[in-house]
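Visitor: based on what follows, work out the 3D shape:
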Amino acid sequence: MRFTTRKWIKPEDLNANGTLFGGRILQWIDEEAALYTVMQLDNRKIVTKYMSEIDFKASAKQGDVIEIGVEVVKFGKTSITLYSEVRNMMTLEPIITISNIVMVTIGDHGKPVAHGKTKVQ
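Guide: Presented below is the predicted three-dimensional model:
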């Protein structure tokens, strides 16, 4: 898995417990999955259809640097399914994993369209 995006945990990213807010990390993962899909499918018109169970394994705190990685699980006719892991960049300890993120290509009318890809570019 390639970890291509890094984030520095700042005060505005924290929850009431002083650790990384789950909604913030999910926002970053969704954005990373979208960017990865756009590059793989060479199509800017994609949407997130589904995220499987989200497994929070550890927390991150202010000052930590995290890395976000994604990799292809499978190609569908109109979709691509990704796996994502976020880890602490210094310790390499996993923070969160998501087994299946399904991204779908859509046409001009918002309906799924075939993307024609079958392997990682």
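Visitor: apart from its neighbours in sequence, what residue is nearest Val72?
Guide: Distances taken as CB to CB, 6 or more residues apart in numbering place Val120 nearest to Val72, at 5.3 Å, with adjacent residues excluded. Every residue, glycine included, has its C-beta placed from N, CA and C.
Visitor: and the one you found, helix, strand or coil?
Guide: Assigned state for Val120: coil (three-state reduction, DSSP: H, G, I helix; E, B strand; the rest coil).
Visitor: number of nearby residues for it?
Guide: 9 (other CB atoms under 10 Å).
Visitor: okay, and Asp108 sits in which element?
Guide: Assigned by DSSP states H and E, Asp108 falls within no helix or strand.
Visitor: and the residue lying closest to it once chain neighbours are set aside, what does it touch?
Guide: Using CB to CB, 6+ apart and skipping residues adjacent in sequence, the residue nearest Asp108 is Lys45, 8.0 Å away. Lys45 makes contact with 105-108, according to CB atoms under 8 Å, 6 or more residues apart in numbering.
Visitor: ok, Ile101 next?
Guide: The neighbours of Ile101, taking CB under 8 Å, 6+ apart as the test, are 29-30, 33, 48, 50-52, 70, 81-84.
Visitor: that concludes my questions; thank you for your assistance.
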